[in-house]
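Peer 1: Give me the fold of what follows.
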Amino acid sequence: MTKLRTPMLLMGIFLIISACTTPAVPATQTVEDTPTLAPYPNDTPSPPQINAPVVETPSLVSIQFINSLEGWGVTETRIVRTNDSGFTWYNVTPPGITETGYNVDLYAIDPSNAWLQIPDVANYPNAGNLYRTTDGGLTWTSNSVPFSRGHIAFLDANNGWVLADLGVGAGSNAVAVYQTTDGGVNWTQKYINDPNNANAGDSLPLGGLKYGLAPVDMQTAFVYGVVYAPGTIYLFRTDDGGATWAQVAAPLPPNAENAELSVEQLEFVSPGNGFLAVRLTSDTIQLAIYVTNDAGNTWTLTPTLIPDGGSADFLSVNDAVVYNGQQFYVTRDAARTWSIIPPDVQFGETFAVMDFSDLSTGWVLTYDPTSQRSLYRSVDGGTTWFPVVP
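Peer 2: Numbering: from 1, shown residues only. Sure, this is the predicted structure:
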């Protein structure tokens, strides 16, 4: 996976939505009740130990699994890594860092390469420190950067974007867009919409909350979020490296003209193929999934509106998983049809975040009212779950 899965929205933006009664899936939509998932292979031999201290039962606040064995995590005080599916975690925190948790942003592209952004609180939102590792956290380098918090997105070990948060107020969100071509050592500001800045632009409006940035390459990227105007999908695109932005049109779901529409997630699983998850809030909550096969030039609304749909994980051109608070929805055909998988563990309100490496193997991070954090793993596509932490 290429995104850190956290139980809070990036850049400190929270949407608290009251629970709604789950409506029946309309008969015109194709939903299979019995999934046909590929069998999970036999467990592989134990991987070699990582040359770092073991952390017993880490209290994880976020996770990111690269594959069925390798993953990264964040606790309140540490950065941790696993190479055995989450059973063993190693402390790979950069030297001198004693506080992490929700105050940092971690982005990993593989087991070796990761970046850790730590804000400079005294100079927020215009300064921070970016740590980088190329050996799985055994060593880190650091440099100062001109932003404090942001949505980090790297295309490879050298080329990346940041949508930097400059502040939220009254339904507006000031941001700056930066690019790097040397792995995060140097950053070039490509756009800013803060009206207090002499170079501010308005093609990416101040109005609306920006949840994230999804790049296709170093020229084309999308910014998504929500604006509190009924029937409006908040989605903007650049094709000149972030210098200018234009709003993207997408067909509205049925009867969505008066609903609040928030773009919860946008992810490209290949240079041309991507998924867009839009939450519809009115008398009920539904999740609409859009797909693109032309790098976002056009977006197609798929048939099924998932009732109470929440967390989504897009795995490949065809494969995706959505959790709706009660059960998992799984597609193998790019959201044309879905299988419903009721889990044997009722996560309920303790569910914080999920991450699947493929349609067989996934993890769920829970957080209960006693502040107990647990990590569960499934190897049969979400049907059965067992705890790996604690």
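
Peer 1: Burial check on Glu56, number of neighbours?
Peer 2: Other residues within reach of Glu56 by the criterion other C-beta atoms under 10 Å amount to 9. For the C-beta atoms, the positions are set from N, CA and C on the backbone; glycine is no exception.

Peer 1: and the residue lying closest to Glu267 once chain neighbours are set aside, what does it touch?
Peer 2: The shortest distance from Glu267 to any non-neighbouring residue, by C-beta to C-beta, 6 or more residues apart in numbering, is to Phe314 (4.7 Å). Contacts here follow C-beta atoms under 8 Å, 6 or more residues apart in numbering; on that basis Phe314 touches Gln265, Glu267, Val269, Gly274, Phe275, Ala320.

Peer 1: Need phi/psi at Phe314.
Peer 2: Recorded main-chain torsions at Phe314 are phi -100, psi 120, according to degrees, to the nearest 10.

Peer 1: Give the bridge partners for it, please.
Peer 2: Per DSSP bridges, the residues bridged to Phe314 are Ala320.

Peer 1: List the contacts of Ala243.
Peer 2: Contacts here follow C-beta under 8 Å, 6+ apart; on that basis Ala243 touches Lys190, Tyr191.

Peer 1: swap in Asp344?
Peer 2: Each residue near Asp344 by C-beta under 8 Å, 6+ apart is listed here: Thr383, Thr384, Trp385.

Peer 1: ok, now how distant is it from Asp239?
Peer 2: Distance from Asp344 to Asp239, counting by C-beta to C-beta, to the nearest Å: 47 Å.

Peer 1: what do you get for Thr133?
Peer 2: Thr133 is 32 Å from Asp239, where distance means C-beta to C-beta.

Peer 1: Looking at the two now, which is surrounded by more residues?
Peer 2: Looking at Thr133 and Asp239 with other C-beta under 10 Å, you find the greater number of neighbours at Thr133, namely 20 against 17.

Peer 1: wait, isn't the more buried one in contact with Pro111?
Peer 2: No - at 10.3 Å, Thr133 does not count as touching Pro111 under the criterion of C-beta atoms under 8 Å.

Peer 1: Quick check: ChimeraX command selecting the buried ones in the contacts of Asp344.
Peer 2: With 16 or more other C-beta atoms under 10 Å as the criterion, this ChimeraX line picks the buried residues out of the contacts of Asp344:
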select :385
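
Peer 1: Which single one of the contacts of Asp344 is nearest to Val61?
Peer 2: Trp385 (19.5 Å; C-beta to C-beta).

Peer 1: Got phi/psi on the closest one?
Peer 2: phi -130, psi 140.

Peer 1: What separation is there between it and Asp135?
Peer 2: According to C-beta to C-beta, Trp385 and Asp135 sit 32 Å apart.

Peer 1: and what of Thr384?
Peer 2: 35 Å.

Peer 1: what do you get for Arg332?
Peer 2: In this structure, Arg332 and Asp135 are 36 Å apart, going by C-beta to C-beta.

Peer 1: Between the two, point out the one with more neighbours.
Peer 2: Just comparing Arg332 and Asp135: by other C-beta under 10 Å the higher neighbour count belongs to Arg332, 20 against 12.

Peer 1: Now do the contacts for the more buried one.
Peer 2: Each residue near Arg332 by C-beta under 8 Å, 6+ apart is listed here: Asn318, Asp319, Ser339, Leu359.

Peer 1: Pull up the gap between it and Val379, please.
Peer 2: Taking C-beta to C-beta as the criterion, Arg332 is separated from Val379 by 17 Å.

Peer 1: Could you do Ala122 as well?
Peer 2: Separation of Ala122 from Val379 (C-beta to C-beta) stands at 46 Å.

Peer 1: Show me which of the two is the more surrounded one.
Peer 2: The residue with more neighbours, out of Ala122 and Val379, is Val379; 18 against 6, by other C-beta under 10 Å.

Peer 1: Check the burial of Pro271 by counting its neighbours.
Peer 2: Other residues near Pro271 come to 11 when the count uses other C-beta under 10 Å.

Peer 1: How much space separates it from Thr188?
Peer 2: 22 Å.

Peer 1: low-scoring stretches of the stretch 1-150 of the chain, by residue?
Peer 2: 1-45 (pLDDT under 70).
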